[in-house]
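Student: This is a predicted model, with the sequence first.
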Amino acid sequence: MWKDQQRAKFLKFKIKEQAVVYFKHIFLALFCGALFCGVLYGENPNKISKQNSKSDFIWGVTIDDGWYEDAQDASGAKLQSIVRALQALPAKPTVRVVMSKEISPHEYEPLFRRLSEVSYVMACPVDSYEMSSYKSVKSYEKRFADAFAALAPYVAIWEIGNEINGEGWLGDDANFIAAKMIAAFELIHKKGAKTALTAYYTPSGAQKTQMREWLRKFVPQDMKEGLDYLFVSYYEDDNEGFAPDWSEIFTDLQSAFPASKLGIGECGNTASDATQASKKAMMRRYYTMPRYVKNYVGGYFWWYFVQDCATGAEAGASNGKNRGAHDKAEAADELLKSLSEAIGEAYR
């Protein structure tokens, strides 16, 4: 099981690694797209004015680097399709942007600026698979300082650690990992900005140290009292479909982190044999979860939002070499509709 999890994480990392090459070529496309998207696509007139009736709920989706390689021209079509998909959701979403180490924060500025016009933004300056590449606490802290300097006007939440307790791919020294996490928290917290930590859940026995034990041991008390959000990353497909007892998990986390808002930090149908039906079912299962505890605020942050729900294909493409693009666009529209319906159902 552990090896399956590592393979899944490795595939996630390889997508990001390959995508960096493409990003440099399409940066101009993002910039141009950011200028024109607002004209091309207006706001959804049926948008719920608040994130949910309780006002603090989060409807999250993730934008990782995997989509950059799909942008083949300078039209900005991919960014436009992402903006359109976000605007189609019935509540204003929170977009978690996973940043790559090879890309400087200031290069993300046009993307963050455009996304902030149609969503709340949660910045993830360091993904879990890149944690081990930061060889000192100072280098990790500098990444967040640079990101804050370049992107603070557009960011609502800063993810100061991603899948922080994952074993193996983050490194072997838990104390060192915790020191980096604490440095980032102190930096962002002192600036008065909101912070989030994402933990990594596995069934009992899958890791040497269970999530709750790691959090109790390595998160200092002042951080437990000052952390704004504590999220949990979980992928069913990495764990043979195991269904956690979320009520028990969040009850325990609320006890340990009474001042933090709680939720799901990553999810998605990552199996190689995933189908439209399985993706729809999983979307609905997560986005309609009940409010397990008082501090529960949703989240979810579907990892493959761009790949599943947004395409750069034209709706009218219908023959010849465009047939595949047309079919892909129809599939994305279908999943976007399913996600919208799930959010709408949870809102009601």
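Tutor: Nice, I can see it. Numbers count the residues shown, from 1 in each chain.
Student: can we go C-alpha only for contacts and neighbour counts from here?
Tutor: Noted.
Student: For burial, what's the neighbour tally of residue 134?
Tutor: 17 (other C-alpha atoms under 10 Å).
Student: these two touch, right, it and residue 142?
Tutor: No: counting by C-alpha atoms under 8 Å, residue 142 is not a contact partner of residue 134; they are 10.0 Å apart.
Student: quick one, phi psi at residue 261?
Tutor: Backbone torsions of residue 261, given as degrees, to the nearest 10, read phi -80, psi 140.
Student: which residues does it contact?
Tutor: Shown in contact with residue 261 (C-alpha atoms under 8 Å, 6 or more residues apart in numbering): 228-230, 295-297.
Student: now, which of those residues lie within strands?
Tutor: Among the contacts of residue 261, the members found in strands (DSSP state E) are 229-230, 296-297.
Student: Go through those and name the one nearest residue 205.
Tutor: Lowest distance from residue 205 to the ones in strands among the contacts of residue 261 (C-alpha to C-alpha) belongs to residue 230, with 22.4 Å.
Student: That closest one: neighbouring residues, count only.
Tutor: When neighbours are counted by other C-alpha under 10 Å, residue 230 registers 24.
Student: now swap in residue 240 and tell me
Tutor: Residue 240 has 10 neighbours, counted by other C-alpha under 10 Å.
Student: Residue 230 bridge partners, please.
Tutor: Beta-bridge pairing for residue 230 (DSSP bridges): residue 197, residue 262.
Student: And the pLDDT for it?
Tutor: Per-residue confidence (pLDDT) for residue 230: 98.
Student: OK, contacts around it?
Tutor: Going by C-alpha under 8 Å, 6+ apart, residue 230 touches 196-199, 260-263.
Student: And the residue nearest the centre of the chain, how close does it get to residue 276?
Tutor: The centre of the chain sits closest to residue 62, judged by C-alpha atoms, centre = their mean, with a distance of 3.2 Å. Distance of residue 62 to residue 276, given as C-alpha to C-alpha, to the nearest Å: 19 Å.
Student: What of residue 335?
Tutor: To residue 276, residue 335 is 7 Å away according to C-alpha to C-alpha.
Student: Going by how many neighbours each has, rank these two and give me the top one.
Tutor: Under the neighbour definition other C-alpha under 10 Å, residue 335 and residue 276 were set side by side, and residue 335 has more, 21 against 14.
Student: Look at that one and tell me its secondary structure.
Tutor: Residue 335 carries the three-state label helix when classified by DSSP: H, G, I helix; E, B strand; the rest coil.
Student: Mind telling me what element residue 95 is part of?
Tutor: strand 94-98 (DSSP states H and E).
Student: repeat for residue 183
Tutor: Going by DSSP H and E, residue 183 is in helix 174-190.
Student: Check which residues of that helix are buried.
Tutor: By 16 or more other C-alpha atoms under 10 Å, the buried positions in helix 174-190 come out as 174, 177-189.
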